[in-house]
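>>> This is a predicted model, with the sequence first.
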Amino acid sequence: MARIGVISFSDGRAYVHAGIVDFLRATEDRLVEALIGAGHEVVAGAAPVSDNALAGSVARTVAAAGVDLTVFHYAVWAFPHFTMLAAGATPGPLLLLSNIDPVQPGMVGMLAAGGALDQIGREHARLWGDPADAELIAAVGHRARAAGAVAALRGSTFGRFGGRPMGMNTAVANTDQWQRMFGVDVEEIDQWEIVRRAELADAGEAKQAREWLERHATVHYDGAKLTPELLERQIRSYLAVRDLIAEWRLDFSGIKGQPELTQHFATMDVTEAFLNDPYDWNGPKQPHVCATEADMDGALTMQLLKHIAGTPVLFADVRHYHADRDIWDLCNSGQHATWFAARSADPAENLARVHLYPEVFFFPAGGASVHHLAAPGEMTLARLTRKDGEYRMQLMLGEFETYDTATNEELMRQSTWEWPHAFARLDAQAGDFLSRFGANHIHAVPGDHRETVRAACGLLGVTLDEFTRDDR
């Protein structure tokens, strides 16, 4: 959840403030309790703001606590210039929140303060209602999580291993634009480092990891494209990239892979899958977003979604549309984190559904493809794309589906069976989607996070482009 600052504003006349402060504190307490009950951490101002000095000092103290979002709370009429002073001491996102009690004119105070902020161009959001309203508290939470996700991007570093893959312009972004809009730096690292470091990786750990995979997943060796030696080479590549991430302090990354590594070394399927997983053979870990084909906008989307949802993020090609079923096969080499097989906290439960198959003819260097079918459930699907150089977030709700074993197999074999699959029913008309979706890659997290994504887009200045079945 998020860390939320709450600052209440009051009347600047001492005798008026004295008469309303108990009501103001009681209303703030109810708000704070509701936010804590929803799982958030709350940093409340030391006192309601009733003079100029408090406006600055209270705001600076709350800001210093590192809150994701600051709520300016209006339960009574409040002098608007207190808001202006506090806003000047508050560097992060602002949400103005008023009560709806007819006895005290909190809404008047919010409108006066919001209008003053508008006049100087200070961005903010506004909400109103009773703290007992669960929908209001949820709305505050959406904005707070969005603010936290956006803040987490700023000052982070993306590591790009290799350059543009196979002529894919949608995988390459403007680093100056990233710095300006998202505060993200890009570190360029040659793919040769993966090859070099893989040879130096711990052979004992690679053997241990291979045996762990053989115990928990199903490995289909064929003696040519997939051997124990090739699988250990892929595992050593994972160890190499993991070390490079630590050395370069990378927050998220992408690996070109094709065509050099996939033709002459090994596929990065195992590397990418286990970087994105919340575990490996050493136990639980934080997922590290790693996009295949060094897809920069894909990785950026995934990193934002990871901060919003707190789960691994799926990366896939929009591979095929089954018109007879109105479902999409989302499939891309071995990129899907194995966590999506069952979405279980127990890696053994996920890996029981995972098969490592010899790679297909696209990748002559061989190695394992991490094959599984994503578990069913509601999903938020999104992708940052660019139109005429400007970013937009293409967003929709969807549902992952599975069927009986025979149907699952039949559908997977219509594309590249050895790769991981997710059967998605999108809240989008097929013709509309194919006409205007701006990439071949798409990303997904479990649950409906659209409201938080919308709020994040507002904070980033990114145009929102939503798909639904009934908008056209």
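Arrived safely. Numbering: from 1, shown residues only.

>>> In this structure residue 17 contacts residue 50, no?
Yes: under the criterion of C-beta atoms under 8 Å, residue 17 makes contact with residue 50 at 4.4 Å. To be clear about C-beta, it is placed using only N, CA and C from the backbone, and glycine gets the same treatment.

>>> anything in contact with each of those two?
Listed as contacting both residue 17 and residue 50 by C-beta atoms under 8 Å, 6 or more residues apart in numbering are 10, 11.

>>> Tell me the helix or strand right after the top helix by length along the chain.
For the chain, the helix with the greatest residue count under DSSP state H is helix 14-37. Where DSSP states H and E defines the elements, the next helix or strand beyond helix 14-37 is strand 41-44.

>>> Could you grab the helix/strand/coil label for the residue nearest to the spatial centre of the chain?
Nearest residue to the geometric centre of the chain (C-alpha atoms, centre = their mean): residue 305, 1.3 Å. Secondary structure for residue 305, judged by DSSP: H, G, I helix; E, B strand; the rest coil, is helix.

>>> Contacts only, for it.
With contact set as C-beta under 8 Å, 6+ apart, residue 305 has these partners: 313, 380, 382, 443, 444, 445, 449, 453.

>>> of the residues you listed, buried ones?
Neighbour-count burial within those applies to 313, 380, 382, 443, 444, 445, 449, 453; the criterion is 16 or more other C-beta atoms under 10 Å.

>>> okay, those residues in TSV with distance to residue 21, pLDDT and secondary structure next?
Shown next, in TSV, are the buried ones among the contacts of residue 305 (distance: C-beta to C-beta, whole Å; pLDDT from 0 to 100; DSSP: H, G, I helix; E, B strand; the rest coil):
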residue	distance to residue 21	pLDDT	secondary structure
313	46	98	coil
380	43	98	strand
382	45	98	strand
443	48	98	strand
444	48	98	strand
445	43	98	strand
449	38	98	coil
453	39	98	helix
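
>>> For residue 385, give me phi and psi.
Torsion angles at residue 385 (phi, psi; degrees, to the nearest 10) stand at phi -130, psi 170.

>>> same thing with the one 10 residues further on?
Summarising the backbone geometry of residue 395 under the convention degrees, to the nearest 10, its torsions are phi -140, psi 140.

>>> Next, count neighbours for it.
21 (other C-beta atoms under 10 Å).

>>> ranges for the helices of the stretch 1-150 of the chain?
14-37, 52-64, 80-88, 106-119, 134-153 (DSSP state H, counting those that start in this stretch).

>>> got those helices as CSV, with distance to residue 175 and mean pLDDT columns?
As requested, the helices of the stretch 1-150 of the chain are exported to CSV (distance: least, C-beta to C-beta, whole Å; pLDDT from 0 to 100):
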stretch, distance to residue 175, mean pLDDT
helix 14-37, 38, 97
helix 52-64, 30, 98
helix 80-88, 32, 98
helix 106-119, 33, 98
helix 134-153, 14, 97
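
>>> out of those helices, which comes closest to residue 373?
Among those, the nearest to residue 373 by C-beta to C-beta is helix 134-153 (28.8 Å).

>>> for the very next helix or strand once past the closest one, packing partners?
Per DSSP H and E, the first helix or strand lying C-terminal to helix 134-153 is strand 157-161. With contacts taken as 3 or more C-beta pairs under 8 Å, 6 or more residues apart in numbering; DSSP states H and E, strand 157-161 sits against strand 185-189, helix 228-248, strand 252-255, helix 296-309.

>>> quick one, the helix or strand just after strand 157-161 and helix 134-153 angle?
For strand 157-161, the succeeding helix or strand toward the C-terminus, using DSSP H and E, is helix 175-182. Here the directions of helix 175-182 and helix 134-153 differ by 150 degrees (axes from the mean of the first three to the mean of the last three C-alpha atoms, to 10 degrees).

>>> So which bits of helix 175-182 are buried?
Neighbour-count burial for helix 175-182 flags 178, 181, 182 (criterion: 16+ other C-beta under 10 Å).

>>> One more: stretch 391-401?
391, 392, 393, 394, 395, 396, 397, 398, 400, 401.

>>> centre of the chain versus that stretch, how much separation?
Distance of stretch 391-401 from its chain centroid, counting by C-alpha atoms, centre = their mean, to the nearest Å, is 13 Å.

>>> Need the contact partners of it.
177, 181, 301, 327, 374-386, 422-428, 437-438, 444, 448, 450, 453-454, 457, 460, 462-468.

>>> Can you turn the buried part of those into a ChimeraX selection?
In ChimeraX syntax, the buried subset of the contacts of stretch 391-401 is picked out as below (16+ other C-beta under 10 Å):
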select :181,301,327,374,375,379,380,381,382,383,384,385,386,422,423,424,425,426,427,428,437,444,450,453,454,457,460,462,465,466,467
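
>>> hey, which helix or strand in this protein has the poorest pLDDT?
Here the helix or strand of the chain ranked lowest by mean pLDDT, DSSP states H and E is helix 260-264, holding a mean of 93.

>>> Output the contacting helices and strands for the helix or strand just after that one.
Following helix 260-264 in sequence order, the next helix or strand is helix 269-276 (DSSP H and E). Helices and strands touching helix 269-276, by 3+ C-beta pairs under 8 Å, 6+ apart, are helix 228-248, strand 252-255, strand 290-292, strand 368-371.

>>> Using PDB, write out every CA atom in stretch 169-181.
Extracted in PDB, the C-alpha atoms of stretch 169-181 (Å, rounded to 0.1, in the frame of the first residue of the first chain):
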ATOM      1  CA  ASN A 169      11.300   0.600 -33.700                       C
ATOM      2  CA  THR A 170       8.600   0.200 -31.000                       C
ATOM      3  CA  ALA A 171      11.300  -1.400 -28.800                       C
ATOM      4  CA  VAL A 172      13.600   1.700 -28.800                       C
ATOM      5  CA  ALA A 173      12.800   4.900 -26.900                       C
ATOM      6  CA  ASN A 174      14.300   8.400 -26.800                       C
ATOM      7  CA  THR A 175      16.500   8.500 -23.700                       C
ATOM      8  CA  ASP A 176      16.100  12.300 -23.400                       C
ATOM      9  CA  GLN A 177      12.400  11.900 -23.400                       C
ATOM     10  CA  TRP A 178      12.600   9.300 -20.700                       C
ATOM     11  CA  GLN A 179      14.700  11.600 -18.500                       C
ATOM     12  CA  ARG A 180      12.300  14.500 -19.000                       C
ATOM     13  CA  MET A 181       9.000  12.600 -18.600                       C
END
